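J.: Next come a sequence and a model predicted from it.
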Amino acid sequence: MSCMNHKYILQIKNLSVSFTQYENGLRKIDLKVIRNLNVSVGEGELVAVVGASGSGKSLLAHAILGILPQNCDAEGNIWFEDELLSPERIKELRGEKIVLVPQSVTYLDPLEKVGKQVRKEQNEKSVRKKQEELFAFYKLSQNTADLYPFELSGGMARRVLLTTAMMESPRLIIADEPTPGLHLEAAKKAMGHFREFADKGNGVLLITHDIELALEVADRIAVFYAGTTVEEAPVADFQSDDTLRHPYTKALWRALPQNGFHPFPGKQPYAKDMPNGCPFGPRCPQLTPECEGNIQEQLIRFGRVRCIHAK
Ligand SMILES: Nc1ncnc2c1ncn2[C@@H]1O[C@H](COP(=O)(O)OP(=O)(O)OP(=O)(O)O)[C@@H](O)[C@H]1O
Ligand code: NI
């Protein structure tokens, strides 16, 4: 499904996130870990954010939800259903209209029984019923509700996090790596649930480094590299590397098992050692001196790309 004629649920423009650190305990430095990032989710859309570890995926989720660490600052604009979000407004929407399925299971409160947490302390019959239905859906036995988080296995804890997100009637689900530790069946269920939720006219931002999973459920893929989106493309474009736009996306495509498992050398740069211009430059087969300049995002064939050589 394309979002061309849809309303946006989430729009992020020019987001930058930096950490303040002290070098040798004295000199203050700003470490920019996300730069000029744009990404959007339309009504009825499931958008997957893919990218290597450390590319800024979780920080993006935390920036949207206003839960960045103390020493971390965000700049840029985030719109939720045509409303420019302020920190106060984000607080109101968080957990109600915008929910997070966090990457780490440590988000569960260790001192409170699971059922109470999932129900957010509410005890009405309808809330209990919904929790029981969701537990059944995710194959959690009903007595799981009486356990404390430390009594759960990793996979159970993940399924508890999924039920927590599904308890509300959100408009946007941000799922940060929701599947590691889950059996294939549970992972498929969760994906099916997200797809269904989007198909009802809502939005899902699915953060994952599993491109194959993303290709199965998403409408569009946003590819992250070193703190920014290098490409945003409809899923159909991933059928061949000719229809993809950025050399990094093409390299990811060729590294997939079904496309020959071609590895590509090198590593994503750290925020401290960012090259001038294109962050992918040092690894790029198409590198030219112009790549060290300012790289604007261009619109090409219903997708967006940050590469001066893209066609
Ligand atoms: N508290 C912090 N202080 C300084 N740098 C941080 C902090 N938290 C994260 N970073 C840096 O920000 C970058 C992005 O981190 P983030 O957790 O968003 O990556 P990610 O794409 O979610 O990775 P993963 O796939 O491993 O979950 C990383 O380079 C990381 O080192
Ligand atoms: Ni992460």
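T.: On my side now, so go ahead. Ligands and ions are numbered 1, 2, ... in the order given.

J.: In stretch 119-130, which residues are buried?
T.: 119, 130 (16 or more other Cβ atoms under 10 Å). C-beta coordinates here come from the backbone N, C-alpha and C atoms, glycine included.

J.: Helix, strand, or coil at whichever residue of the stretch 101-250 of the chain sits closest to ligand 2?
T.: Proximity to ligand 2, evaluated over the stretch 101-250 of the chain using Cβ to the ion, is greatest for residue 103 at 4.8 Å. Assigned by DSSP: H, G, I helix; E, B strand; the rest coil, the conformation of residue 103 is coil.

J.: Okay, now the unreliable bits of the stretch 151-300 of the chain?
T.: Along the stretch 151-300 of the chain, no part satisfies pLDDT under 70.

J.: What residues does the closest residue in space to residue 226 that isn't next to it in sequence make contact with?
T.: Counting by Cβ to Cβ, 6 or more residues apart in numbering, residue 279 is the residue found nearest to residue 226 once chain neighbours are left out, at 3.9 Å. Going by Cβ atoms under 8 Å, 6 or more residues apart in numbering, residue 279 touches 225-228, 230, 268-269.

J.: Then residue 199?
T.: residue 44.

J.: could we number from 46 for the rest of this?
T.: I'll keep to 46 as the first residue from here, and by that count the last item is residue 244.

J.: That one and residue 88: what is the separation?
T.: Going from residue 244 to residue 88 by Cβ to Cβ, to the nearest Å gives 10 Å.

J.: Same question for residue 295.
T.: Counting by Cβ to Cβ - residue 295 and residue 88 are separated by 30 Å.

J.: And residue 208, by the same measure?
T.: Taken as Cβ to Cβ, the span from residue 208 to residue 88 is 24 Å.

J.: neighbour count winner among those two?
T.: Using other Cβ atoms under 10 Å as the criterion, residue 208 and residue 88 rank with residue 208 on top: 25 against 18.

J.: didn't that one look like it was pressed against residue 180?
T.: Yes - assessed by Cβ atoms under 8 Å, residue 208 is found in contact with residue 180 at 6.3 Å.

J.: Helix, strand, or coil at the residue most central in space within the chain?
T.: By Cα atoms, centre = their mean, the chain has its centre lying nearest to residue 252, at 2.9 Å. Under three-state DSSP, the three-state class of residue 252 is strand.

J.: Next up, identify which helix or strand the residue of the chain found nearest ligand 2 is on.
T.: Using Cβ to the ion, residue 103 is the residue of the chain that sits closest to ligand 2, at 3.1 Å. Per DSSP states H and E: residue 103 is located in helix 102-110.

J.: next one: residue 259
T.: helix 256-262.

J.: State the pLDDT value of the residue nearest to residue 128 when sequence neighbours are not counted.
T.: Once flanking residues are discounted, residue 128 sits nearest to residue 134: 7.0 Å by Cβ to Cβ, 6+ apart. Looking at residue 134, its pLDDT stands at 96.

J.: Equivalent analysis for residue 81, please.
T.: 92.

J.: Quick one: classify the spatially closest residue to it that is not a sequence neighbour as helix, strand or coil.
T.: Spatial nearest neighbour of residue 81, excluding adjacent residues (Cβ to Cβ, 6+ apart): residue 59 at 5.4 Å. When classified by three-state DSSP, residue 59 comes out as strand.

J.: Confirm for me that residue 159 is in contact with residue 187.
T.: No - Residue 159 is beyond contact range of residue 187, at 11.0 Å (criterion: Cβ under 8 Å).

J.: and those two? which has more neighbours close in?
T.: It is residue 159, of residue 159 and residue 187, that has more neighbours when counted by other Cβ under 10 Å, with 26 against 11.

J.: Report the contact partners of that one.
T.: Contacts of residue 159 (Cβ under 8 Å, 6+ apart): 153, 189-194, 197, 205.

J.: backbone phi and psi for it, please?
T.: The phi and psi torsions at residue 159 (degrees, to the nearest 10) take the values phi -60, psi -50.

J.: ok, it to residue 177 distance?
T.: 13 Å.

J.: Also residue 258?
T.: Taking Cβ to Cβ as the measure, residue 258 falls 28 Å from residue 177.

J.: Report the contact partners of the residue nearest to the centre of the chain.
T.: Residue 252 makes contact with 93-94, 102-103, 105-106, 148, 219-222 under the criterion Cβ under 8 Å, 6+ apart.

J.: Helix, strand, or coil at the closest residue to residue 251 other than its chain neighbours?
T.: Spatial nearest neighbour of residue 251, excluding adjacent residues (Cβ to Cβ, 6+ apart): residue 93 at 4.6 Å. What three-state DSSP gives for residue 93 is strand.
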